[in-house]
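Trainee: A predicted structure for the sequence below; I have some questions about it.
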Amino acid sequence: MDWQLIGTASAASAAAGMATAAGALPVLAIRGMSRRLEAIFLGFSAGVMLAASFFSLILPGLEAAERGGHSAATAALTVASAILLGALTLQFINHYVPHEHFLIGRNPTAPATRLARIWLFVIAITLHNFPEGLAVGVSFGGGDMPNGIATALGIGIQNVPEGLAVGVSLASVGYSRIFSFVAAFMTGLVEPVGGFLGISAVTASSALLPWGLGFAAGAMIWVVSSEIIPETHREGRQNAATTALMAGLVLMLCLDWSLG
């Protein structure tokens, strides 16, 4: 086990996660945010996540599989299987773990204890953000520091507006500003857990690297498709959200190419 690499990847995923808390800080002072601005922030996040899935996870996964002795065809089959496994795992968790979408359909007056509401939101945030931490962790696999740094930087950048969007959205439907900030902060705490598990797995066995990269990509793509894009396309906000998605995608492309 390369504990230095594990420590570096874990620290990078923690830094990316803390960007969510930094983004949520204004919720302690501001009163609200327009739905259009929320859609722009979330669309930007979706673009970064999509770009990271392909440029920082899927393509390096294919390269790692070929370095491990796979032919081009078997490398593609391995990574494709891992992508589907990651997406199906998130789908399974989403179906069987009770949770509420943290932006969609929240009714703060629904009959539930305060503790139960808190845990429902913690679970929802975990479902949404754990794959990001996992992606940062496994992107450092094989000692690929430039790829890992680019992924951590991209995820961190998109976490800032995401943290603000989540915090303000919670505050706008009746939660206190403190609770809204803490909820976003807890999102940041989830990501280093995913980062540590991801880098530990691929460091323990180099054969797991293509699987880890593909799994993280599949999980993130599922989150984008199932959670983020449907929310940003409600109430006629798809044009602004799509523009922001494209901006996030090209920004992550530039970061990945220039750093890698």
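Mentor: Noted; the coordinates are in hand.

Trainee: use CA for all of it now, contacts and neighbours both
Mentor: Noted.

Trainee: Point out where the stretch 1-150 of the chain drops to low pLDDT.
Mentor: By pLDDT under 70, the low-scoring segments of the stretch 1-150 of the chain are 1, 31-33, 97-128.

Trainee: Swap in 80 and give it another go.
Mentor: Along the stretch 1-150 of the chain, the model assigns pLDDT under 80 to residues 1-2, 29-35, 38, 93-129, 142.

Trainee: Please enumerate the helices of it.
Mentor: Under the criterion DSSP state H, counting those that start in this stretch, helices of the stretch 1-150 of the chain are mapped to 3-24, 35-51, 59-67, 72-96, 114-139, 145-172.

Trainee: Quick one: list the elements packing against the first one.
Mentor: In terms of contacts (3 or more CA pairs under 8 Å, 6 or more residues apart in numbering; DSSP states H and E), helix 3-24 is packed against helix 114-139, helix 145-172, helix 177-204.

Trainee: chain center to that helix, what's the gap?
Mentor: Helix 3-24 sits 13 Å away from the centroid of its parent chain (CA atoms, centre = their mean, to the nearest Å).

Trainee: Return that helix as PDB; C-alpha atoms alone will do.
Mentor: What follows is helix 3-24 as a C-alpha-only set of coordinates in PDB (Å, rounded to 0.1, in the frame of the first residue of the first chain):
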ATOM      1  CA  TRP A   3       0.300   5.400   2.100                       C
ATOM      2  CA  GLN A   4       1.800   8.600   0.800                       C
ATOM      3  CA  LEU A   5      -0.400   8.400  -2.400                       C
ATOM      4  CA  ILE A   6      -3.400   7.500  -0.300                       C
ATOM      5  CA  GLY A   7      -2.800  10.500   1.900                       C
ATOM      6  CA  THR A   8      -2.400  12.800  -1.000                       C
ATOM      7  CA  ALA A   9      -5.600  11.600  -2.700                       C
ATOM      8  CA  SER A  10      -7.500  11.800   0.500                       C
ATOM      9  CA  ALA A  11      -6.300  15.300   1.200                       C
ATOM     10  CA  ALA A  12      -7.300  16.300  -2.400                       C
ATOM     11  CA  SER A  13     -10.800  14.900  -2.000                       C
ATOM     12  CA  ALA A  14     -11.100  16.600   1.400                       C
ATOM     13  CA  ALA A  15     -10.100  20.000  -0.200                       C
ATOM     14  CA  ALA A  16     -12.600  19.500  -3.000                       C
ATOM     15  CA  GLY A  17     -15.300  18.700  -0.500                       C
ATOM     16  CA  MET A  18     -14.600  21.700   1.700                       C
ATOM     17  CA  ALA A  19     -15.200  23.900  -1.300                       C
ATOM     18  CA  THR A  20     -18.800  23.000  -0.800                       C
ATOM     19  CA  ALA A  21     -18.800  24.500   2.600                       C
ATOM     20  CA  ALA A  22     -17.000  27.600   1.300                       C
ATOM     21  CA  GLY A  23     -19.700  28.000  -1.300                       C
ATOM     22  CA  ALA A  24     -22.400  27.700   1.300                       C
END
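
Trainee: Can you list the neighbours in contact with that helix?
Mentor: 133, 136-137, 140, 143, 148-149, 152-153, 155-157, 159-168, 181, 184-185, 187-196, 199-200, 203 (CA atoms under 8 Å, 6 or more residues apart in numbering).

Trainee: picking that back up, turn the helices and strands packed on helix 3-24 into CSV, columns for distance to Ser225 and mean neighbour count.
Mentor: Formatted as CSV, the helices and strands packed on helix 3-24 follow (distance: least, CA to CA, whole Å; neighbours: other CA atoms under 10 Å):
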stretch, distance to Ser225, mean neighbour count
helix 114-139, 11, 23
helix 145-172, 16, 25
helix 177-204, 19, 23
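
Trainee: any chance of those in JSON lines, with distance to Leu5 too?
Mentor: Formatted as JSON lines, those follow (distance: least, CA to CA, whole Å):
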{"stretch": "helix 114-139", "distance to Leu5": "10"}
{"stretch": "helix 145-172", "distance to Leu5": "9"}
{"stretch": "helix 177-204", "distance to Leu5": "8"}
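
Trainee: Kind regards, and thank you for your time.
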